[in-house]
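**Q** structure here, sequence nowhere to be found:
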């Protein structure tokens, strides 16, 4: 059980886009895992998806905190000369029949390489780069998950209109306006400057009911009866009857 954990702003931005009734469950699951390392109760699919995206970052942060509380990584081994300084050398007095052994010459201390970076500094840089890359990926995954949730919400909003319009029309309307952009963060209807669902549905329905135009061709000659009902034609007809 931990007393705290790191919560990133990108996580808050992703959760903020969810419906109100979902935000509490997602936040509770993230906080519960960050403090206790586990979650209680069954989670909804959206909550499980959001938690799966932030788990790796929470685990990495908690591991660094645990290593820091233990004093960090162990230092590298000291040089041979430093070990000889820290070691107490005891000499035994030789017996009368023994000759005193001369001490071995001290080893030359190697000069440190000034261009070499200390392990601790290098590890800090690696951890920082890893954290930044993980944060960027976490933001992208959170944005995509929020978009998929909004897409499901958009589908549920269209369900009550099935009685007013056909299922086929509602499905084609949904497939067209829920198409995602290249980054997977916006749907087609979210890119519109104005959007009123009832009017969009009415326009869509009127376009589906509109009959196709029939090409009647071009009339080359006038064969109508009015053509032979002129005064001149009636005069000729009376002459023929005489």
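**A** Perfect, thanks for sending it. Since the structure is predicted, the reported quantities are computational estimates derived from the model, not experimental observations.

**Q** skip the chain neighbours and tell me the closest residue to residue 22.
**A** Nearest non-adjacent residue to residue 22, counting by Cβ to Cβ, 6 or more residues apart in numbering: residue 46, 6.2 Å away. (Each C-beta comes from the backbone N, C-alpha and C, glycine too.)

**Q** and the helices in the chain?
**A** Applying DSSP state H to the chain gives helices spanning 9-16, 20-36, 45-69, 80-86, 119-158, 167-177, 197-209, 231-241.

**Q** out of these, nearest to residue 106?
**A** helix 80-86 (7.0 Å; Cβ to Cβ).

**Q** okay, now the unreliable bits of the protein?
**A** When residues are selected by pLDDT under 70, those of the chain lie in 70-103, 105, 107, 110-123, 210-242.

**Q** the same query, at a cut-off of 80, please.
**A** 1-2, 21, 39-41, 68-138, 210-242 (pLDDT under 80).

**Q** quick one, what contacts residue 205?
**A** Listed by Cβ atoms under 8 Å, 6 or more residues apart in numbering, the contact partners of residue 205 are 165, 169.

**Q** if you set the cut-off to 10 Å instead, what comes out?
**A** Counting by Cβ atoms under 10 Å, 6 or more residues apart in numbering, residue 205 touches 161, 164-166, 169-170, 173.

**Q** for residue 36, same thing?
**A** Contact analysis of residue 36 by Cβ under 10 Å, 6+ apart lists 1-2.

**Q** from residue 174, how far off is the residue nearest to residue 22?
**A** When Cβ to Cβ, to the nearest Å is applied, the distance between residue 46 and residue 174 equals 19 Å.

**Q** and for residue 135?
**A** Distance of residue 135 to residue 174, given as Cβ to Cβ: 34 Å.

**Q** so which of these two has more stuff around it?
**A** Shown here are residue 135 and residue 174; by other Cβ atoms under 10 Å, residue 174 has more neighbours (17 against 14).

**Q** that one touches residue 153, doesn't it?
**A** No - using Cβ atoms under 10 Å, residue 174 makes no contact with residue 153, being 11.8 Å away.

**Q** need the contact list for residue 38.
**A** Going by Cβ under 10 Å, 6+ apart, residue 38 touches residue 32.

**Q** circling back to that earlier point, buried subset of the contacts of residue 205 as a PyMOL selection?
**A** The buried subset of those, as determined by 16 or more other Cβ atoms under 10 Å, is captured in PyMOL by this line:
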select buried, resi 165+169+170+173
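
**Q** how many residues are close by the residue nearest to residue 11 when sequence neighbours are not counted?
**A** Spatial nearest neighbour of residue 11, excluding adjacent residues (Cβ to Cβ, 6+ apart): residue 54 at 5.8 Å. Per other Cβ under 10 Å, the neighbour tally for residue 54 reads 23.

**Q** from residue 133, how far out is residue 54?
**A** Using Cβ to Cβ, one obtains 15 Å as the distance from residue 54 to residue 133.

**Q** over to residue 125?
**A** The span separating residue 125 from residue 133 equals 13 Å under the rule Cβ to Cβ.

**Q** I'd say residue 138 and residue 11 touch.
**A** Yes - with contact defined as Cβ under 10 Å, residue 138 reaches residue 11; the gap is 7.4 Å.
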